[in-house]
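Asks: with the input below, show me the fold.
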Amino acid sequence: MSKQFSALGVSAPILKALGELNIVEPTEIQQKTIPLLLSESHDVVGLAKTGTGKTAAFGLPLLQLVNTEIATVQAVILVPTRELGQQIFRNLEDFGKHIPNISIASTCGGIPIKPQIERLTQPTQIVVATPGRLIDLIQRKAIDLKQTEYLVLDEADEMVSILKESLDEIVVELPKKHRTLLFSATLPGTIKQLIQNYLNKNVVQVSANMETVGNQGIDHEYIVVDPIEKLDVLMHFLNSKEGERGIIFCKTKAAVNKLAKNLAINRFSSGALHGSLSQGIRDRIMEQFREGHINILVATDLAARGIDVKEISYVVNYHLPDTYETYVHRSGRTARAGAKGLSLTVLQEEEVIEIPEFEKELGIKFIKFQKPSVISLEENNTLLWAKQIFKTKPNHDISADLKTKVKTVFHHLTKDELIEKLMANYVLQNKVEVAEKPVKKFKK
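Replies: Purely as a prediction, here's the structure:
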């Protein structure tokens, strides 16, 4: 392992940390980028799929290039979300733990700024920041970028609109001679324009594994449903993945809240994540997910940036993504670190025609996921109903007298007989509810 990274020019303290982290061999983007950053002086554009180690590709060289004897900020890493910023900050601290006097700060939005201002009064060589918070710190004269040699734009395709508005204000604070390192999973036209405007004309572009989305371990599948059965089909799928961790992507915050509520009602171990939640709640949900206390995360695309959990076995596109780039980022949450994973997209009949376009644009092949039968869905819902009863906590406010009267009604029944009657009643109630629902017509 160490010999492979050492051949790229990685220093002994970092090699020691990589060994302790059991990072066995460099990925393709790391092999192509690390020597380039260490030995050249060009601006660099690094294109690689989500989950292929871009953080180490720029993080390891930066840790080695900064001068720990100088107390000023020498590298700034811009990220689209605080969650991703925290992830990169943790990674850099792990990679650099054997480098004497290295100092890294996280200055992302969503939390009070005063502790960050206080932190920046101490010696700091590397800062991880969201653009808005960095500009706030600049305006307050709390950060000095006059000796910053490296500007990293990570997940650039996820913060194009932010960068368009704020990059000028940041770049003007940097020395005229600095290196810009742009990393992205995709290269839309807006990113090409960004490269043309802000990177040196001699920029070097490196690409790794761009012929397919995610790594080869991802199975791309789709399932066709009627709107009325969409939730039932999803819950059938989730039951089949019990004990595994996954992320369900929705287009809007309202859709995330609605789906998360339905999953909670049906006793799925889940949590919601979107931008309107307070940072404290988002942090708590993410920590619960990372620690395995909840297995399912229902999220919007931007809120899910920075989720680097190796054991995510599946992602579900509950709504078809608007762009190919979004699909890249969503599917890239699974099959990380060489593991296998599933990306399942839930479609309505009229959306199926879009699948060939996704296949052509992204160089992947979708397999049709077999929709469960009506009987199988009904059986699954019955099991969910049973789990609801099992997980319901006793209500101690009900009077003892009423409890005694109810027990008297059932006292002559065996456990099996009671279960039989409860199930029969559940099925009967369900049929009544279905019969009473107005018939909805859907376009073919």
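
Asks: which parts of stretch 256-264 are buried?
Replies: For stretch 256-264, burial by neighbour count (16 or more other CB atoms under 10 Å) applies to 256-257, 259-260, 263. (Glycine included, C-beta is placed from N, CA and C.)

Asks: and if you look at stretch 324-335?
Replies: 325-335.

Asks: so can I have CSV of the buried residues of stretch 256-264 showing distance to Q125?
Replies: Putting these into CSV (distance: CB to CB, whole Å) gives the following:
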residue, distance to Q125
V256, 38
N257, 41
L259, 43
A260, 40
L263, 44
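
Asks: what's the closest of these to P227?
Replies: Proximity to P227 was ranked across the buried residues of stretch 256-264 by CB to CB; first place goes to L259, at 13.5 Å.

Asks: so that closest one sits right up against I248, yeah?
Replies: Yes. L259 is within contact range of I248, at 6.7 Å (criterion: CB atoms under 8 Å).

Asks: check contacts around A339.
Replies: Under the criterion of CB atoms under 8 Å, 6 or more residues apart in numbering, the neighbours of A339 are 217, 310-311, 313.

Asks: in the stretch 251-400 of the chain, which spans are helices?
Replies: For the stretch 251-400 of the chain, applying DSSP state H, counting those that start in this stretch gives helices covering 253-265, 279-290, 324-331, 355-362, 374-391, 400-410.

Asks: quick check: which of the ones you listed is buried the most?
Replies: Mean neighbour counts were compared across the helices of the stretch 251-400 of the chain using mean count of other CB atoms under 10 Å; the top stretch is helix 324-331, at a mean of 22.

Asks: just checking, next helix/strand downstream of the helix or strand of the chain with the lowest mean pLDDT?
Replies: Of the helices and strands making up the chain, the lowest-confidence element is helix 2-7, at a mean of 74, by mean pLDDT, DSSP states H and E. Sequence-wise, the next helix or strand beyond helix 2-7 is helix 12-20, with elements assigned using DSSP states H and E.

Asks: and for the helix or strand that that next one is followed by, what's in contact with it?
Replies: Note on helix 12-20: by DSSP H and E, the next helix or strand toward the C-terminus is helix 28-39. Helix 28-39 is touched from outside by 8-10, 26, 42, 44, 46, 48, 52-54, 56-58, 60-62, 64-65, 181, 204, 206, 208-209, with contacts defined as CB under 8 Å, 6+ apart.

Asks: and if we set it to 10 Å?
Replies: Residues outside helix 28-39 that contact it (CB atoms under 10 Å, 6 or more residues apart in numbering): 4-5, 7-11, 23, 25-27, 42, 44, 46-49, 52-62, 64-65, 150, 179, 181, 183, 204, 206-210.

Asks: can you list the domain ranges for the chain.
Replies: Using automatic domain parsing, the domains assigned to the chain come out as 2-208, 218-374.

Asks: pipe the ones you listed into CSV and attach distance to L413 per row.
Replies: Below are those laid out as CSV (distance: least, CB to CB, whole Å):
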stretch, distance to L413
domain 2-208, 52
domain 218-374, 25
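
Asks: looking at these, which has the lowest confidence?
Replies: Among these, domain 218-374 carries the lowest mean pLDDT, at a mean of 88.
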